[in-house]
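Colleague: the sequence isn't on hand, but the structure is:
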DNA sequence: GCTTTTGCTCAAGCTTTTGTTAAGGAGTGT
DNA sequence: ACACTCCTTAACAAAAGCTTGAGCAAAAGC
């Protein structure tokens, strides 16, 4: 889930946008003032900040500078009208993108995705990304968003295999063959247990799945939620 | 083998990149202009397009829009030195990724792999479509228009089998043999029940059939209404 | 038009599959 | 040998799915 922080002084707009973003699956937090926004960004560490210009307590350029000073989070600024010159100025001042008010939520969503994608394309070479999960086979590291996942060898191999076949159902026997290298003899229950552990570390459970979707009678698949 | 189409106006760069990509095992075709590129993409249907910006005959955004209009191929744009704003614009306009010139071939290759990997899940190779029904054997997902159908294993297998023999009548015994893998012993009633459930989930009933057409005395067939 | 056959649907009971926890054992490094 | 992590197995709980039989509806045959 993408954590979005919205800084907007008009309460009505704030509510509308926050609800719309939440509805399409984002984790939304809001602030009404620049000062509050700064505090919140530092403490909650969002994935992207949407910053309305024309806040009562601080000039947009100043605000941006301060945000940049405290965090490397991508910032999308919302400018009043097509005031191109100020938009460009802000982009140079460290904004990552901008939308012109009044903006549609779809438009905003496109910007959010673009900004996040830019952030994601920089890391390693053959990393596999599934939603918030980032897997680096080379270093055998996996992350869930910012947090590094502390996985056991089998858990990592299991996650990697599922990620390589992302979206495709994999049977437990196939898992046993590839991860355990025991096409016969191995117990499928072992896979179940490891899946359960993986689920726990991914912050989900079988009854409330996000990434690991069991396909009853067949196997399991890893999907981007 | 991955078929890559490179659109780049500078002949020297074009030659170098094309050779490098060919050396690592890709099937490379090139175009020097936007117009030629469009034609080639339509006729040769490559797996991925690498689009250089700053073509002489067409603006990058325009070009991308036209490419998108004629094909769903993934497009990687190559932008001049950190011209972020245009990169952002192009990503939103439908580009799948971008590289900054001058780029290394390894870097480009990594992007190609990433883009292809992303693409693998979306269109699905062996999906079967019958009217509004879309079946993806790999992920074992079936949709009716936009809605995902929540099918049990047997229901899915049943639908899949009928879809594979779309338009042909299948006897219940054949269904028992293939879906239930019980050529003998199985009761045809069971098939009836599953068919009934399938009908319900497809939004139809035996008295008002759309997809599942019973052929009295013989069996059943799946048709596009 | 009546009988027979075939097909449809419902609901209850049953089996299989899966999720999760906990306990023990193998292996590794100190 | 000890502490450690990791893996496997067993056990129970819960969920999902399957089968069955009966009643009713529809079609075919006479």
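Modeller: Cool, the structure landed. The structure displayed is predicted, hence computed values, not measured ones. Numbers count the residues shown, from 1 in each chain, chains lettered A, B, ... in the order given.
Colleague: what residues does chain A put near DNA strand D?
Modeller: Contact residues, chain A versus DNA strand D (CB under 7 Å from any atom of the strand): A:152-155, A:180, A:186-187, A:189-190, A:193-194, A:207, A:216-217. All C-beta atoms are positioned from the backbone trio N, CA, C, and that covers glycine.
Colleague: now the buried members of those residues.
Modeller: Buried by 16 or more other CB atoms under 10 Å in any protein chain shown: A:154, A:155, A:180, A:186, A:190, A:194, out of these.
Colleague: looking at it, the second one is touching residue A:201, isn't it?
Modeller: Right, the one you point to is residue A:155. Yes - Residue A:155 lies in contact with residue A:201 (CB atoms under 8 Å); the separation is 7.2 Å.
Colleague: okay, residue A:139: pLDDT?
Modeller: Per-residue pLDDT puts residue A:139 at 82.
Colleague: where does it sit: helix, strand or coil?
Modeller: Taken by DSSP: H, G, I helix; E, B strand; the rest coil, the conformation at residue A:139 corresponds to coil.
Colleague: and for it, the neighbour number?
Modeller: The number of residues packed near residue A:139 is 9, by other CB atoms under 10 Å in any protein chain shown.
Colleague: returning to that earlier point: and the least confident of the residues of chain A next to DNA strand D?
Modeller: Ranking the residues of chain A next to DNA strand D by pLDDT, residue A:186 lands last with 83.
Colleague: excluding sequence neighbours, find me the nearest residue to that residue.
Modeller: Closest residue in space to residue A:186, ignoring its immediate chain neighbours: residue A:176 at 4.2 Å, by CB to CB, 6 or more residues apart in numbering or on different chains.
Colleague: check contacts around that neighbour.
Modeller: A:182, A:183, A:186, A:188, A:190, A:191 (CB atoms under 8 Å, 6 or more residues apart in numbering or on different chains).
Colleague: go again using 10 Å as the cut-off
Modeller: A:182, A:183, A:184, A:185, A:186, A:187, A:188, A:190, A:191 (CB atoms under 10 Å, 6 or more residues apart in numbering or on different chains).
Colleague: just the buried ones among the residues of chain A next to DNA strand D now: which is nearest DNA strand D?
Modeller: Top of the list for closeness to DNA strand D, among these and by CB to the nearest atom of the strand, is residue A:154 at 3.1 Å.
Colleague: element containing the closest one?
Modeller: helix A:153-164 (DSSP states H and E).
Colleague: show me what that helix is packed against.
Modeller: Applying 3 or more CB pairs under 10 Å, 6 or more residues apart in numbering or on different chains; DSSP states H and E, one finds that helix A:153-164 makes contact with strand A:128-130, strand A:133-136, strand A:141-144, helix A:172-175, helix A:188-201, strand A:212-215, strand A:219-222.
Colleague: among those, which gets the worst mean confidence?
Modeller: Of all the helices and strands packed on helix A:153-164, strand A:128-130 carries the lowest average pLDDT, namely a mean of 81.
Colleague: please say whether there is contact between it and chain B.
Modeller: Yes - interface with chain B: strand A:128-130 contributes A:128, A:129, A:130 (CB under 10 Å from any CB of the partner chain).
Colleague: what subset of the residues of chain A next to DNA strand D is also close to DNA strand C?
Modeller: A:189, A:193, A:207, A:216, A:217.
Colleague: make a markdown table out of those and add distance to residue B:163.
Modeller: Putting those into a markdown table (distance: CB to CB, whole Å) gives the following:
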| residue | distance to residue B:163 |
| --- | --- |
| A:189 | 34 |
| A:193 | 36 |
| A:207 | 31 |
| A:216 | 20 |
| A:217 | 19 |
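Colleague: closest one to residue A:18 out of these, please.
Modeller: residue A:207 (28.0 Å; CB to CB).
Colleague: which residues touch residue A:142?
Modeller: Neighbour list for residue A:142: A:127-128, A:133-136, A:148-151, A:155-156, A:159-160, A:163, A:201-202 [criterion: CB under 10 Å, 6+ apart].
Colleague: mind giving me the ChimeraX select for those residues, buried ones only?
Modeller: Buried residues within those, by 16+ other CB under 10 Å, are selected in ChimeraX with:
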select /A:127,128,133,134,135,136,149,151,155,156,159,160,163,201,202
